[in-house]
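>>> Just need the structure, nothing else, for what follows:
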Amino acid sequence: MDDWIWGLVVVGLLAAVYFAAIPGRIASSRNHPNANAIAVLGFVGMFFTASILWWIAIVWAYTGPERSAHNQEPVPAGTASVADEIEKLANLRDRGVLTDAEFEAQKRLLLPVAAGASMARPPVVTGHPKVLADVPSTTTATTYPPNWRRHLLIILLAVMLVSTGVVALVVWRRGVSVRTSSASKRSSMRAPSVSPRPLDVANVDQAFRGPYKLEASSTMQTDKGYTYVVDNLFDHDVATSWQPRRSDRHPQVLIKFPDQLTLTSIEISNGFQAYDAKDGDEFVLNSRIAHARLRFADSSEIQIQFDVDERMKKVDLGQKRTREVTLLVDDVHRGTKWRDLAISEISFRYLGSPPPLD
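Numbers count the residues shown, from 1 in each chain. Below you'll find the model as predicted:
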């Protein structure tokens, strides 16, 4: 996976954590009695229920009025506060502000509160405004949070961000699928036949089928049922390949013949020309030769250049006398998924009768 995809995944996770905490923060700012439960429900809903419970947590956080010090439900005055009020009325009577009859009337109004009345009502004194000023009021007003618009804006922004991310991911996956499919179709049109070239014994120019002595600079270990040994280069099957280790900076293969041969051509099947049911066209997914050299026993060399989608290259050698050939890879076309270099097949044609087998 590319680095920018990992970055997108990390950013998405951080955004999910941020938005999962929104219901809990709203509930806490409103002094909701179930703020902790709402916070847990926000995280569970975001990560385990496709955001369904997250929306429920949002609605729950906004359910009911905001609880704060200035809008708590009024608490009925206790016995001690009623006694204070009676004492205040007695002082007013002693100063001559209230008559005895008015004092008794106000005291009777306060005594039911001390006995446990459910709704506390302030004493009403007609004709004496000063008394009304001395009696505290228990009337309260219910207020609602002023920042609900900001919370709504954050929620809408979250929905837009998630929707944009989903659309971008769908478009990206569709684009990758289309590019891979197009590359596979173009490559399949130029692919050589998988079946090996038949040996024409009547032709002097013959295909050499061994024996060989092979030496590779390195070989990658077996993985997922695939083997990448150098012998795969001469098994007449382009669905197998030799692959050096990723740490091999100068991959090369030495081919030694049992005797000196007059070579007329060499064919190289580039890349890993297999098709995997899960991954797709391995030729596109793996790296393959971009530039290489053929070195012979007399140290002479021939340069070879491969196009990015060229699966087979035939190199005419004229009549080259040699007992060994070394393929040296200098540059590669990078695969769309893996950096592993792959070469499927190598074959030679030569003049004369085949050398004796060992």
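>>> helix/strand/coil for F272?
Per DSSP: H, G, I helix; E, B strand; the rest coil, the local secondary structure of F272 is coil.
>>> is it true that F257 touches Y212?
Yes - between F257 and Y212 there is a contact at 6.9 Å, judged by Cβ atoms under 8 Å. (C-beta placed from N, C-alpha, C; glycine too.)
>>> ok, and for stretch 224-238, which residues are buried?
Y226, Y228, V229, V230, N232, L233, F234, D237, V238 (16 or more other Cβ atoms under 10 Å).
>>> Contact partners for the fifth one?
Put plainly, it is N232. Going by Cβ atoms under 8 Å, 6 or more residues apart in numbering, N232 touches T240, S241, W242, S344.
>>> Now rank those residues by neighbours and give me the top one.
Neighbour counts for those (other Cβ atoms under 10 Å) peak at S241, which has 29 neighbours.
>>> wait, doesn't that one sit right on I343?
Yes - the criterion here is Cβ under 8 Å, and S241 meets it with I343 at 6.0 Å.
>>> hey, what's in contact with both of those two?
With Cβ under 8 Å, 6+ apart, S241 and I343 have common neighbours G271.
>>> Give me the below-cutoff pLDDT ranges for the stretch 251-358 of the chain.
353-358 (pLDDT under 70).
>>> What segments of it are helices?
282-285 (DSSP state H, counting those that start in this stretch).
>>> now the strands for it?
In the stretch 251-358 of the chain, the strands defined using DSSP state E, counting those that start in this stretch lie at 252-270, 275-276, 280-281, 288-296, 301-305, 312-333, 343-351.
>>> right, so the ones you listed: which one is the most enclosed?
Neighbour counts (mean count of other Cβ atoms under 10 Å) averaged over each of those peak at strand 343-351, with a mean of 21.
>>> what's it in contact with?
For strand 343-351, using Cβ under 8 Å, 6+ apart, the contacting residues are 197, 204-208, 232-243, 253, 255, 261-273, 288-289, 319, 325, 327.
>>> Please apply the same query to stretch 34-42.
Defining contact as Cβ under 8 Å, 6+ apart, one finds that stretch 34-42 is touched by 20-28, 32, 53-54, 56-58, 60-61.
>>> Narrow these to those that are buried.
For these, buried by 16+ other Cβ under 10 Å: 20, 22-27, 32, 53-54, 56-58, 60-61.
>>> Which of these sits closest to D307?
Set against D307, the nearest of the buried ones among the contacts of stretch 34-42 by Cβ to Cβ is A20 (50.3 Å).
>>> Now do the same contact list for that closest one.
A20 neighbours (Cβ under 8 Å, 6+ apart): G42, F43, G45, M46, F47, W54.
>>> Name the member of the residues you listed with the most neighbours.
G42 (28 neighbours).
>>> Chain neighbours aside, what residue packs nearest to that one?
In this structure, G42 finds its nearest non-sequential neighbour in P23, 3.7 Å apart by Cβ to Cβ, 6 or more residues apart in numbering.
>>> can I assume the one you found is in contact with A61?
Yes - using Cβ under 8 Å, P23 is in contact with A61, at 4.9 Å.
>>> Quick check: bridge partners of R288?
H333 (DSSP bridges).
>>> about what we covered before: restricted to helices, list the contacts of A20.
Using DSSP state H, the subset of the contacts of A20 located in helices is G42, F43, G45, M46, F47, W54.
>>> tell me which of those is nearest to E87?
Using Cβ to Cβ, the ones in helices among the contacts of A20 come closest to E87 at G42, 52.3 Å.
>>> ok, back up a step: point out the least confident one among the buried residues of stretch 224-238.
Lowest pLDDT of those: Y226, 81.
>>> before we move on, the earlier item: and the ones in helices among the contacts of A20 as JSON lines, adding pLDDT?
Shown next, in JSON lines, are the ones in helices among the contacts of A20 (pLDDT from 0 to 100):
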{"residue": "G42", "pLDDT": "83"}
{"residue": "F43", "pLDDT": "85"}
{"residue": "G45", "pLDDT": "79"}
{"residue": "M46", "pLDDT": "80"}
{"residue": "F47", "pLDDT": "81"}
{"residue": "W54", "pLDDT": "82"}
